[in-house]
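Q: Pasting a predicted model and its sequence here:
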Amino acid sequence: MYKVKINGLTLEIIQGNIVKQPDLDGIVNAANAELKIGGGVAGAVHKAAGPDLTEETRPLAPIEPGEAVITGGHNLENSYIIHTLGPVYGKDKPEDKLLGDCYQNSLKIAEDNKLKSLGFPAISTGAFGYPIESAAEVTMKAIKDYLDKINYLGKIRFVLFNESDFEIYKNYAEKIF
């Protein structure tokens, strides 16, 4: 685990499973535009949360790259799920702005709902093909640029699926913070 304190906020980076973070108020789903079960993170979140999640997301869809919406956590131990659509690398332009918007719009929703803790996956780095190094840099800069707007969140956790992604995110966090 990597942990750094920034102006009263704790930023953590761990290797793990996004749907197994019971100590967080909410998690972020790297969703598809229709907010349905899919592969990767969207598949894991929907499977763990159960079929009622699909019912709740139906009227919220579709969403555009960079947008975010919130639902209940259903069968997860988290009270909330924030769903955001990351950019498809090479297709959705400008990729860096859209990816940054995913994080900042998710943080805004978390703040609007007074969440105290939120977990993020590495948005767009799986099937959407965003290079992990570039994604980590954009992500950390987006978080840093949003820090002065945070009043309720006390913890932001990045949950990376494998060790190499963990190391990359940790390295960018060390550079940017």
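A: Nice, thanks for sending it over.

Q: quick one, phi psi at the residue most central in space within the chain?
A: Taking C-alpha atoms, centre = their mean as the criterion, residue 120 is the residue nearest the geometric centre of the chain, at 3.1 Å. When read as degrees, to the nearest 10, the backbone of residue 120 gives phi -120, psi 140.

Q: could you turn the longest helix seen in the chain into PDB, dropping everything but the C-alphas?
A: Counting by DSSP state H, the longest helix found in the chain is helix 95-112. Extracted C-alpha coordinates of helix 95-112, given in PDB (Å, rounded to 0.1, in the frame of the first residue of the first chain):
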ATOM      1  CA  GLU A  95      -8.700  11.600 -24.400                       C
ATOM      2  CA  ASP A  96      -6.800  13.300 -21.600                       C
ATOM      3  CA  LYS A  97      -9.500  15.900 -20.900                       C
ATOM      4  CA  LEU A  98     -12.300  13.300 -21.000                       C
ATOM      5  CA  LEU A  99     -10.400  11.000 -18.700                       C
ATOM      6  CA  GLY A 100      -9.700  13.800 -16.200                       C
ATOM      7  CA  ASP A 101     -13.400  14.700 -16.400                       C
ATOM      8  CA  CYS A 102     -14.200  11.100 -15.300                       C
ATOM      9  CA  TYR A 103     -12.300  11.600 -12.100                       C
ATOM     10  CA  GLN A 104     -13.400  15.200 -11.400                       C
ATOM     11  CA  ASN A 105     -17.100  14.500 -12.100                       C
ATOM     12  CA  SER A 106     -17.000  11.500  -9.900                       C
ATOM     13  CA  LEU A 107     -15.400  13.600  -7.100                       C
ATOM     14  CA  LYS A 108     -18.000  16.300  -7.600                       C
ATOM     15  CA  ILE A 109     -20.800  13.700  -7.200                       C
ATOM     16  CA  ALA A 110     -19.100  12.300  -4.100                       C
ATOM     17  CA  GLU A 111     -18.900  15.700  -2.600                       C
ATOM     18  CA  ASP A 112     -22.500  16.600  -3.500                       C
END
